[in-house]
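# below are the sequence and a predicted model; questions follow.
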Amino acid sequence: MLLTLIVLMAFVLSGLILVQVYLIKTASDIREEQFKQQVSNVLHRVVEQLEIHERMEARFDVEQGRLPGNLPPSGDYNIFPRNNMSQGSVRFKLSITEGSVIETFSEIFQFQTDSTQNTDTNHINRTLSEILQGFDDMRNFNTIQEQRREQWWNDMRWRNYKISLEDRPVEERIDTLHLRQELAKAMAENGINLEYKFAVKNSNLGKDQIVFGDKYYNPGGRRDEYPLALFPYDYYGAKPNYLNIYFPKRSGYLLRATSITIIPTIILTFLLIGIFVYTIMVIFKQKKLSMIKNDFINNMTHELKTPISTISLASQMLEDGSITNTPKTIEHLSKIINQESKRLSFQVEKVLQMAVFNEGRLKFKFKEFDVNKMIGSVAGNFELRVKNKNGNLNVAIEAQNPIIKGDEVHITNVVFNLLDNAMKYSKEFPEIKILTENKNGFVVISVEDKGIGIAKEHQSQIFDRFYRVPTGNVHNVKGFGLGLSYVKKIVDSHNGTIKVESALNKGTKFSIFLPQIKE
């Protein structure tokens, strides 16, 4: 069930991470495309301005008469076509004035009036007005045609001049200063506040050659470079000349531009991963703690059951009439009951003591005391137990300044616990050494044995509550797994440290460092 839950959580987390990565990539691509469009707008604007600038200069040259050679000569062009009339060709002269026309036609009509008495005067006047209106229309038509002729002529001269410009090298067609000004202006208009470098390149025969531009123009690759063809409106097609821009700090700029959306997403993603990993660690730790607690319960049951059974057996022997109730027998059984009762009380007290300590209700009585004297007293009491197993306890008192400030009772219990472990995990004949010394401002208490030792993979866990190093048979060495946990907490409470050095089948050495009182 636990494995299934972990796999399911890992699958969901992986899906969320993939979605976040996709969203981050999409946001980055969108910002890069926006930046590309901005740069494209800059290039198009600059190229348009270069075209306009060239036209303005060319128009000025045309107007000033600075034209290229072999242009058609100017002259008098007859705009009006010849009219085919029955009596030949007639060309109207616009130099005839209105007065002369009226005078001529008056003479004609006077002649007709004299010869014909019945002519209507109004009809003659109307005819004369129509003729004059025709002359006005002809005059306006001639003016329009003259304007068109002039426009056509200017266009022809401009076209010939423009064609001549197209044959010039690109460096002669572009003013570098003007190009830099237009680039700076276009960048500002499009909101690009970023260092850039430009170059005008020629791409004849598929080979790029820088014609002119900024020094150290060296883009990393084509992906970092933005090109656009120059003079796209040339009559005979644009030459292979390109305006190129690249931005040395483009990646950092795009990252900063998208950081508002990317950074929170990355932070949340890592938080999610951290929470997931922490949850898995807690689950495994709880599972491991549960197993340790089960082991503790089994050990505690065994430890409590043994003295209870012994007491019960001794009580039955006292009640059983088949056993001789001599004073010696009663004394022996009473002694057994007393010892086992003390043992039972000690085990219960140890469990209760750890519970009080973990709840933070344990109070210390700090005072200055002599570590050397304390060790001498502990060693004298413990030496009998070692000799009962035909072992040897070696005591070396070498601390020159043995005074520390702490709770003497708890420090004494710490030393007893370490000596007790040295006895438990020693081989047939215990060899134990206890040492005091001064080192770097600390009073050091060392307890060393030549027992079975502790494997490296277990050394980091021996101070955990309820943890016991596996020995093949969980009950062959009595204990609850609380001793070293108690030792670690007492040493930490005295601002000290404890170190362990051990190797399998070679023995173990515990060293306690406690701050010494300066003389």
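In hand now; what should we look at?

# okay, CA-based contacts and neighbour counts for the rest of this
Noted.

# what pairs with the helix or strand encompassing Leu243, parallel or antiparallel?
Leu243 belongs to strand 241-246 when assigned by DSSP states H and E. When pairs are called by DSSP bridges, strand 241-246 turns out to pair with strand 197-202 (antiparallel), strand 225-229 (antiparallel).

# need those strands in a markdown table with mean neighbour count and mean pLDDT, can you?
Output for the strands paired with strand 241-246, formatted as a markdown table (neighbours: other C-alpha atoms under 10 Å; pLDDT from 0 to 100):
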| stretch | mean neighbour count | mean pLDDT |
| --- | --- | --- |
| strand 197-202 | 21 | 88 |
| strand 225-229 | 17 | 88 |
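
# now render those as JSON lines, adding distance to Ile30.
Output for the strands paired with strand 241-246, formatted as JSON lines (distance: least, C-alpha to C-alpha, whole Å):
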{"stretch": "strand 197-202", "distance to Ile30": "24"}
{"stretch": "strand 225-229", "distance to Ile30": "17"}
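
# out of those strands, the one nearest Val47 is which?
Smallest distance to Val47 across the strands paired with strand 241-246 (C-alpha to C-alpha): 8.0 Å, for strand 225-229.

# picking up where we left off before, and Glu319, which of the strands paired with strand 241-246 is closest to it?
strand 225-229 (104.8 Å).

# which residues are in contact with that closest one?
Identification of contacts with strand 225-229 by C-alpha atoms under 8 Å, 6 or more residues apart in numbering yields 39-40, 43-44, 47, 219, 238, 240-247.

# swap the cut-off to 7 Å and go again
The contact list for strand 225-229, computed with C-alpha atoms under 7 Å, 6 or more residues apart in numbering, reads 43, 219, 241-246.

# could you do stretch 259-272 as well?
The contact list for stretch 259-272 (C-alpha under 7 Å, 6+ apart) reads 17, 24.

# what do you get if the cut-off is 8 Å, keeping everything else the same?
Residues from elsewhere that reach stretch 259-272 (C-alpha under 8 Å, 6+ apart): 13, 17, 20, 24, 27.

# mind putting the residues you listed in TSV, secondary structure included?
Converted to TSV, the contacts of stretch 259-272 look like this (DSSP: H, G, I helix; E, B strand; the rest coil):
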residue	secondary structure
Leu13	helix
Ile17	helix
Gln20	helix
Ile24	helix
Ala27	helix
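
# now, of those, which are buried?
13, 17, 20, 24, 27 (16 or more other C-alpha atoms under 10 Å).

# please parse this structure into its domains.
Under the assignment automatic domain parsing, the domains of the chain span 1-67+96-248, 253-338, 363-515.

# just the buried ones among the contacts of stretch 259-272 now: which is nearest Lys509?
Closest approach between those and Lys509, by C-alpha to C-alpha: Leu13, at 45.4 Å.

# now distance to Tyr253 and pLDDT too, for the buried ones among the contacts of stretch 259-272, in a markdown table please.
As requested, these are arranged in a markdown table below (distance: C-alpha to C-alpha, whole Å; pLDDT from 0 to 100):
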| residue | distance to Tyr253 | pLDDT |
| --- | --- | --- |
| Leu13 | 31 | 82 |
| Ile17 | 25 | 83 |
| Gln20 | 21 | 80 |
| Ile24 | 16 | 80 |
| Ala27 | 14 | 81 |
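
# of those, closest to Glu448?
Glu448 lies nearest to Leu13 out of these, by C-alpha to C-alpha, at 49.2 Å.
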